[in-house]
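Participant: Sequence and predicted model, in that order:
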Amino acid sequence: MVRVQVDSIRFSLLTQQRIVVLRELNSRRYVTIWIGPFEADAIALAVQGHEPPRPMTHDLLLATVKALGGTIREVVVSDFRDSTFFARLVVDNNGQAIELDSRSSDAIALAVRAEAPIFVADHVMDELGHMMDDQDESEDIPTTSVSQAEPEAAPTTDEEELSIFRKFIDSIDPESDQ
């Protein structure tokens with residue numbers, strides 16, 4: 001198995017499709033997994049260290065595992081079949097390893113919250129892994145990302161682009177019922 005970390009969450013500004021980039025530790029080899037917007041947000045919030053005021057589903061599951069005396073030992077992206085990634089969540093309960101089938105995005109969101117290691121099966125990394133080069137970092141499709149390395153990074157915005165929103169906000173009358 002290959003140990004990986006969440007390198008970034010990326011989404012296309014054109015299509016709004018999201019991917020999680022899992023990068024091999026101490027290497028530039030990575031694998032990308034298409035994920036849904038809610039799962040992308042759940043992973044990004046955890047990577048950035050944000051705690052929501054109320055528990056999200058992944059927070060609830062982690063709290064449940066802990067309340068029952070378990071810990072998240074690891075997550076394994078175990079297979080890729082029919083254009084779908086498969087993952088296993090390994091829970092340690094009193095020394096017994098319990099493996100649970102999981103969507104990869106949910107398993108990753110949980111692993112980040114539990115600070116558990118994430119692995120990709122060798123055959124999955126061999127088949128789908130890529131080496132990151134300079135071209136990968138400046139893709140042709142406009143994207144933005146949330147990265148573990150740069151959690152504070154924010155997109156820059158031109159003041160002129162924001163002026164329409166400022167005008168709208170300034171026009172709001174909080175005393176008005178409408």
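Facilitator: The structure has been received and is ready for your questions.
Participant: Let's check: the centremost residue of this structure is which one?
Facilitator: residue 43 (3.3 Å; C-alpha atoms, centre = their mean).
Participant: So for that one, what's the nearest residue that isn't a sequence neighbour?
Facilitator: Nearest in space to residue 43, with sequence neighbours left out and distances taken as C-beta to C-beta, 6 or more residues apart in numbering, is residue 109 at 4.9 Å. C-beta coordinates here come from the backbone N, C-alpha and C atoms, glycine included.
Participant: again, but for residue 30
Facilitator: Sequence neighbours aside, residue 23 is the residue nearest to residue 30 in space, at 4.3 Å (criterion: C-beta to C-beta, 6+ apart).
Participant: Wasn't that neighbour part of a helix?
Facilitator: No. Under the criterion used here (DSSP: H, G, I helix; E, B strand; the rest coil), residue 23 is strand, not part of a helix.
Participant: what does the model give it for pLDDT?
Facilitator: Among the per-residue scores, residue 23 shows a pLDDT of 97.
Participant: so residue 103 makes contact with residue 88?
Facilitator: No. With contacts counted by C-beta atoms under 8 Å, residue 103 stays clear of residue 88, the gap being 11.0 Å.
Participant: show me where pLDDT drops low in the protein?
Facilitator: Confidence mapping of the chain against pLDDT under 70 gives the ranges 134-171, 173-178.
Participant: Tell me where it has helices.
Facilitator: Residue ranges of the helices in the chain, as given by DSSP state H, are 37-47, 57-67, 104-114, 122-128, 134-137, 159-171.
Participant: Can you give the contact residues for the third one?
Facilitator: By C-beta atoms under 8 Å, 6 or more residues apart in numbering, the residues outside helix 104-114 that reach it are 6, 20, 22, 33, 35-36, 39-40, 42-43, 46-47, 58-59, 61-62, 65, 71-72, 74-75, 77, 85-89, 102, 116-118.
Participant: Just the buried residues from these, in ChimeraX please.
Facilitator: In ChimeraX, selecting the buried portion of these, with burial taken from 16 or more other C-beta atoms under 10 Å, looks like this:
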select :6,20,22,33,35,39,40,42,43,46,47,58,59,61,62,65,72,74,75,77,85,86,87,88,89,102,116,117,118
